[in-house]
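sharing a model that was predicted from the sequence below.
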Amino acid sequence: MHGVNTEYIKGFSDMSYERIPLDDLGQLRIHGVRSDFANQLREMGYGRLNTDELAQLKIHGVSSDFVKDLQGLGYRNVSVDDLVQLKIHGVSIGFIQDLKGYGYDHVPVSDLVEMRIHGVTGATIQKLQAQGYKKLSIDEIVQLRIHGRVQ
């Protein structure tokens, strides 16, 4: 079923994923979840994720490289739900690095998501800083963007 074979099942059972329902294995396989993906996440501190979490991460494009890069920027305990939200709303590693370059280091995940929802980019902050606004809070930046004070 959907390319689920004994080798695929063994890959998960070797990681203590035993007795996964065949439908769940089929969903994992359909979405391209392999046991090495689960293992990489486990090694990065995510323990034993359930099959729904593994599928959601893969569906939304959360890769082990993305998680590793986030951790390298100091985001070590990001929940699965927050990882998905970051990807859904287009929060990239480059965006986080841009923010850091403009003096906004370790911005909370919820603020990163809010910034992207409202179209805040590195260029937005650059324009504000060029206008003399150097110490604005994230909320102030978002509010200025929402109200069209900056593009």
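The structure has been received and is ready for your questions. Numbers count the residues shown, from 1 in each chain.

use CA for all of it now, contacts and neighbours both
Will do.

so where's this protein shaky on pLDDT?
Along the chain, segments meeting pLDDT under 70 span 1-2.

list the contacts for Asp105?
With contact taken as C-alpha atoms under 8 Å, 6 or more residues apart in numbering, Asp105 is in contact with Leu99.

ok, and the closest non-adjacent residue to the residue nearest the centre of the chain?
Centroid-nearest residue in the chain, with C-alpha atoms, centre = their mean: Leu83, separated by 3.0 Å. Using C-alpha to C-alpha, 6 or more residues apart in numbering and skipping residues adjacent in sequence, the residue nearest Leu83 is Val62, 6.9 Å away.

where does the one you found land in three-state SS?
coil (DSSP: H, G, I helix; E, B strand; the rest coil).

how many neighbours does it have?
20 (other C-alpha atoms under 10 Å).

roughly how far apart are it and His118?
22 Å (C-alpha to C-alpha, to the nearest Å).

next: Tyr104.
Taking C-alpha to C-alpha, one finds Tyr104 at 17 Å from His118.

any idea which helix or strand carries Asn39?
helix 35-41 (DSSP states H and E).

which strand or helix spans Asp139?
helix 138-146.

can you give me how far the helix or strand just after the helix holding Asn39 is from the chain middle?
The first helix or strand that comes after helix 35-41 along the chain, using DSSP H and E, is helix 51-59. Chain-centre distance of helix 51-59: 12 Å, with C-alpha atoms, centre = their mean, to the nearest Å.

cool, and stretch 114-126?
Counting by C-alpha atoms, centre = their mean, stretch 114-126 comes out at 17 Å from the chain centroid.
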